[in-house]
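# Any chance you can model this:
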Amino acid sequence: MSLKNCLFVTAIALLTLVLPTKAKAGDDGNCSNASLDGSYGLHATGKIISVGADFAAVGRFTFDGKGNLTGRLFVRVNGSNNELTITGTYWVDPDCTVSDVWRASNGTTTTHRSVIVNEGKGYLILNDTVGDPSVISGEATKQ
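So this is what the prediction gives:
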């Protein structure tokens, strides 16, 4: 093989390594509601300002890839244990940020902002409910 052909083959090989062949969830500018599809395990912590107590929760959330979610959340606040059933909706922007609304079995409604990470294998979440001074954030991993 001539030097010219070797350089050409090497250039093609390098291009196939650096050019994306398929965009995945979590790649900038390529997300949609379908980027959250399936079940995720969630762990969140923070402080409930109104009662001056620490907050911890674990749960499992399932996203249908079409904007609907369900969940089961186990919460510990101020020495009390609670189990909540969650239903809600979510919207994923092309930049892989997420907005959602949760309606819990205890009658509360909360909103959150999230960021999809690790090509859709997880997300980072922050409670941003208007009028709620609590500081709660967490991480979720696809099951």
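
# Quick one: low-confidence residue ranges for this structure.
When residues are selected by pLDDT under 70, those of the chain lie in 1-29.

# could you pull out the strands for it?
Along the chain, the segments classed as strands by DSSP state E run 37-48, 53-64, 68-77, 80-92, 97-104, 109-117, 122-127, 135-142.

# In contact with the closest residue to A53 other than its chain neighbours, which residues?
Once flanking residues are discounted, A53 sits nearest to N78: 3.8 Å by Cβ to Cβ, 6 or more residues apart in numbering. Any C-beta I mention is one placed from the backbone N, CA and C, and that applies to glycine too. N78 makes contact with I48, V51, A53 under the criterion Cβ atoms under 8 Å, 6 or more residues apart in numbering.

# which among those end up buried?
Among the contacts of N78, the ones that count as buried by 16 or more other Cβ atoms under 10 Å are I48.

# ok so, going back, for the residue nearest to A53, phi and psi?
phi 50, psi 40 (degrees, to the nearest 10).

# likewise K121?
phi -80, psi 0.

# Renumber starting at 53 from here on
Sounds good: first residue 53 from here, last item K173.

# roughly how far apart are it and A192?
10 Å (Cβ to Cβ, to the nearest Å).

# before we move on, what about F115?
Look at F115 and A192: by Cβ to Cβ, they are 10 Å apart.
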